[in-house]
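Turn this into a structure:
(2 chains)
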Amino acid sequence: MSNEKYRKVKSLNLPEIDKEILAFWSEKKVFEKSIEERSKDNSYVFYEGPPSANGKPGIHHVMARTIKDMICRHNTLKGKRVERKGGWDTHGLPIELAVEKELGITKEDIGTKISVEEYNTKCRETVMRYKSLWDDLTVKMGYWVDLENPYVTYENEYIESVWWLLNQLYKKDLLYKGLSVQPYSPAAGTGLSTAELNMPGCYKDVKDTSAVAMFKVERDEKSDFLFEGDDEDVRLIAWTTTPWTLPSNTALTAGGKIDYVKIKMLNSYTDLPVSVVMAEALVKKWFGAKNQPEMIEQSESFKGALMDGIRYEQLLDFGNEIEELQGKTDAFRVILGNFVTTEDGTGIVHTAPSFGADDRMVGVQNGIGALTLVDKQGKFKDTVGEFSGRYVKNYKDNPDYVNVDIDISIKLKKENKAFNVAKYEHNYPHCWRTDKPILYYPLDSWFVKAASMKERMSELNKTINWKPASTGEGRFGKWLENLQDWNLSRSRFWGIPLPIWRTEDGEEEKCISSIEELTNEIEHANKVLEKNQTIPEDLHRPYIDDVILATTDGQPMTRELDLIDVWFDSGSMPYAQWHYPFENKEKFERNYPADFIAEGVDQTRGWFYTLHAIATMVFDSVAYKNVVSNGLVLDKNGIKMSKSKGNAVDPFEALDKYGADANRWYMIANSPPWNNLKYDGDGVDEKRKKFFGTLFNTYNFFATYANIDGFEMDEANATPISDRPEIDKWIISKLNSLIKEYTDAMDDYEATKGCRAIENFVLNDLSNWYVRLCRRRFWKSDSDSDKRAAYETLYECMVVVSQLMSAVAPFFGDWLYQRLTDPIRKNEKANDGRWKHDSVHLTYLTKPNDDLIDAAMEERMDYAQRISSLVLSIRKKENHRVRQPLQKILLPVLDTTFQAQVEAVKDLILSEVNVKEIEYLTDTTGFIKKKIKANFKTLGRKLGKNMKAAAAVIGGFTQEDISAVEKSNSYELVVGDETYELTLEDFEITSDDIPGWTVANDGALTVALDVTVTDELLAEGTARELVNRIQNIRKTRDFNVTDKIVVTLENHEAIRPALEQFADYICTETLATSLDAKSDVEGEVIELNDEVSLNIQVEVQS
RNA sequence: UCCGAUGUGGCGCAACGGUUAGCGCAAUCGCCUGAUACGCGGGAGGCUGAUGGUUCGAAUCCAUCCUUCGGAACCA
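As a prediction, the model looks like this:
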């Protein structure tokens, strides 16, 4: 075994190959070399989106990373230097939550039960918890990324770069502090992110008291049309599921295009006559049923726009001053909003700008002012009359809690301000931690003015090549068009602190851009404030919070306590990974922007956006030129994988079971990665068997004979392609076409196309056609040069395939490469040859050679394949096994080159299908009946509207017309008034029938087979059957391939002609020295065919 | 509700304006002809979610609706 040049393995074991190659890579430092050996002036820039090592990796990470890896490897093969700095996302909510869970604390405990310092230390420790698992996956799946020097978002250098970026925004006046209504948990005393709100179980069905309140209209010019008599009591009615917000009401919002009506009725609670205004579409919801008030009269409908500006009396007036919105406090009037629907409620929306995002939006637009009568603890302020100090929900689990909503409703009823009060079940968000309902509350936050840059972002986005394009135009493009300002603030502990210090009155502020600046500022503060502060070693909280800065005139400034949204961290990586601009300026410039990034679609509004936003706002540039967003990995039934459903595929198991390459290949080749992938282990296994198995067998075949013959590739003295036989030229031509197709596809990030092209080549062209047809050349040497050419050709195909496939299947690709090239490495190194590199990943992609691509040859081999296939199909239909020789194939000749093309591959076809001759049918033979059809592609363009008529004319051609066209190569077509000059290529001439023959066809190709079995053919067929049976006996009895044998056959009628005419043939094929027929033979029984069985005796010649 | 995608033989995919809609798996029938039975070959199987439109011509472009998946919101 050890002296074999080409190492063989009995069976394909991809996981074993993974191990072997991993060891090799690490021993030879292949990854490092693949970068170092390429010039810095020719780089391809890739950014790694940092994963968080706080969670375990899943199978979808294999998907995303395969895409990243294959594009990087492909460009490395093309000679690019592809540095791949890894990174870790280390901040953010998930980490904090995990730590809190582990410590059994809640956010309120931070700073009391546990110091911020301890807490953050714990976060820092926890954040890399699964790092080893991630590293393991990275290695096992063959993802090449530099994990030795990763960027880590919690490091001071990283933070400093983020600060610098933030300061750039600040200087451009793109950073501001503002109030926005955000989900807020009074019980926990903290704002919640949308992510927190969307945690499972947070939206819960709860029964709340809902009230429809009546707002008394003030009569003036605008509202006059609503009134009929002098003393009519007209009320606008609005529904709310949070009656506690009613005291804070400052407006009512109506839909401008919605139809409203006024209804006269008696209030059910007071029996007083009132007229209520509501949307016409909702009248039936509130009137008519039992227990509902009776309608006295319904007015004509009018558009909501008419009500714009109508004033009403404040519903519950406790004498609080109205807060300004946009400098105005013009409250208690009707405004218009497009979010109003007639789905439910009354079509008039109670608007409290402090407690709803929409409310605030229209509130700001209309300058209606706001009332914020609830404090951050969730209780009414002291100025709300009898409700002062009462919690709006039972946040403290007080057993004596009395529902404020009910009390407010009672008050409304008593004061004739309630139209309807009822329990209402609805879905409402709850704080995931305290399980208490959240409320929407105006919070101070720092914002990036992203909305003001949206045009530029859209513009730059159009220069980015998105895969798939729809994500860029649609999901991402639309998002940019409707961009809102970016809320950067997080009132958390473990993250990058906002580098902004303010005086107490907020009049002066400083945005720090570097450690140096901070140091200087501290010095200044120490001086004017007589302090002794030093810069903290760790820029996180709480240390940074202790830093007090000072204004020039000596006022102390404290840091804004918020942290920066972690997404800003990851969006900063192009700069912060190099600690730009403080270090590595050239390195940054060389590596910006990225040529390529890839992540899941879920990052569209995450990382893809933050990269783009920061790049646009700070550098007026894109951050990446090409981006691949892959779809989700679902289970095989198309259901999202989740731990709770138990359908999640463990990536390690998948890799162990099928090997990394089978998984990688499956994920890329199965369907374009941007489609959602239904991951199915059986599918992976199929790839393993089909593609890798076939390639493996091809190699094994090669190795078997190459070892026997001692073949060694000698690149420098290889047989010139021009001197090789036709079939070699053909597969080399195919190979070069493949290189072209594959490279083009990969350059366009269409890896699925590339992989499929490789599969096609390996399965159909190389294994099933080339190797099968050339088998004899390897084991029977007619001439040494022919055999050598066969080896060289097969070798070239395999080694180039190993290169091409190595981007997606890095293990098997390298394995195959090494098996093939190790024996010649020394020579190649000495001669500076293509295969001098120890690993395929260090080689340079073979360029396609157009001179070796011969379209005509590919065409004629295609004819050979198709004709063979057609003949086999006729054989099958007529029940003639291939061993039975038949006399001839009839082929209608359809165009001038066809006959010559087929003639060139005639022998191949004949031996392939075991037929004696090919006869060509032309119209002169009288046999063939042609059909003609218009070539729609060429004619359609010329004729346009007349196409249909023309097709009819052409369809009516007689045989004479057809041959006239063929002879003259031109035709004058008259349709209506128009005359067209047509040439032969405007027609498609076929013959799908040969009268009197069994035919089969495939496209324009038609084949007939003479199925008459003459006695002579039968004898030959029988002879071949006998050869087959004898060979089988040789095999089952384990004879040596070279053993000579003696054969004795039962003297049977059926085989007599075969023995008479083909004895020599039988003997040669089976290495029989004698072949006798006797009436009485002791031996085994063979079945010649369904009817005939006979005895046969086979012995090795002594 | 909005946005994006998706819908093609039993299943998974292809064709992206041009003749008769391809392929793989499964099923079926057949083949062990010395690299492969975890292999090879043959045949059968769909009129492309629905309707309408543009076009000489539509699986492909447009519109509306429906399915499935995902995303973003809203729930006054």
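
A:Lys729 contacts A:Asp854, doesn't it?
Yes. In this structure, A:Lys729 is within contact of A:Asp854 by Cβ atoms under 8 Å, at 6.7 Å. Every C-beta, even on glycine, is put in place using the N, C-alpha and C of the backbone.

Pick out the residue in chain A sitting closest to RNA strand B.
Closest to RNA strand B within chain A is A:Gly940: 2.2 Å, counting by Cβ to the nearest atom of the strand.

doesn't A:Lys948 make contact with that residue?
No. Between A:Gly940 and A:Lys948 there is no contact, the gap being 10.2 Å when judged by Cβ under 8 Å.

and A:Phe761, what does it touch?
Going by Cβ atoms under 8 Å, 6 or more residues apart in numbering, A:Phe761 touches A:Lys734, A:Leu735, A:Leu738, A:Val801.

For those, give me a markdown table that also has pLDDT, distance to RNA strand B and secondary structure.
Shown next, in a markdown table, are the contacts of A:Phe761 (pLDDT from 0 to 100; distance: Cβ to the nearest atom of the strand, whole Å; DSSP: H, G, I helix; E, B strand; the rest coil):
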| residue | pLDDT | distance to RNA strand B | secondary structure |
| --- | --- | --- | --- |
| A:Lys734 | 90 | 16 | helix |
| A:Leu735 | 92 | 16 | helix |
| A:Leu738 | 91 | 16 | helix |
| A:Val801 | 94 | 13 | helix |
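
helices or strands next to the helix or strand containing A:Tyr980 in the packing?
Assigned by DSSP states H and E, A:Tyr980 falls within strand A:978-983. Contact here means 3 or more Cβ pairs under 8 Å, 6 or more residues apart in numbering; DSSP states H and E; on that basis strand A:978-983 packs against helix A:936-943, strand A:970-975.

So for it, mean pLDDT?
For strand A:978-983, mean pLDDT is 80.

same deal with stretch A:709-721?
For stretch A:709-721, mean pLDDT is 87.

again with stretch A:36-51
Mean predicted confidence for stretch A:36-51 is 91.

May I have the distance across that stretch, first residue to last?
This stretch, stretch A:36-51, spans 26 Å end to end (Cα to Cα, to the nearest Å).

again with stretch A:505-523
Stretch A:505-523 has its terminal residues 23 Å apart, counting by Cα to Cα.

now swap in stretch A:480-487 and tell me
15 Å.

buried residues in that stretch?
Neighbour-count burial for stretch A:480-487, counted by 16 or more other Cβ atoms under 10 Å, picks out A:Leu480, A:Leu483, A:Asp485, A:Trp486, A:Asn487.

Would you map out the domains in chain A?
What automatic domain parsing lists as the domains of chain A is A:209-434, A:499-561, A:669-853, A:931-990, A:1015-1100.

Up against RNA strand B, what does the stretch 701-850 of chain A have?
A:Phe701, A:Thr704, A:Thr752, A:Leu763, A:Ser767, A:Asn768, A:Val771, A:Arg772, A:Arg775, A:Trp779 (Cβ under 7 Å from any atom of the strand).

would you turn those residues into a markdown table with pLDDT and neighbour count?
Below are these laid out as a markdown table (pLDDT from 0 to 100; neighbours: other Cβ atoms under 10 Å):
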| residue | pLDDT | neighbour count |
| --- | --- | --- |
| A:Phe701 | 87 | 15 |
| A:Thr704 | 84 | 15 |
| A:Thr752 | 87 | 19 |
| A:Leu763 | 86 | 16 |
| A:Ser767 | 87 | 17 |
| A:Asn768 | 84 | 14 |
| A:Val771 | 87 | 21 |
| A:Arg772 | 83 | 10 |
| A:Arg775 | 82 | 13 |
| A:Trp779 | 74 | 12 |
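
Which members of those residues are the farthest-apart pair?
Using Cβ to Cβ, those span at most 37.7 Å, a distance reached by A:Thr752 and A:Trp779.

can you list the helices and strands packed on strand A:978-983 in JSON lines and add distance to A:Val622, mean neighbour count and mean pLDDT?
Formatted as JSON lines, the helices and strands packed on strand A:978-983 follow (distance: least, Cβ to Cβ, whole Å; neighbours: other Cβ atoms under 10 Å; pLDDT from 0 to 100):
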{"stretch": "helix A:936-943", "distance to A:Val622": "39", "mean neighbour count": "15", "mean pLDDT": "80"}
{"stretch": "strand A:970-975", "distance to A:Val622": "53", "mean neighbour count": "15", "mean pLDDT": "80"}
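
This completes my enquiry, with thanks.
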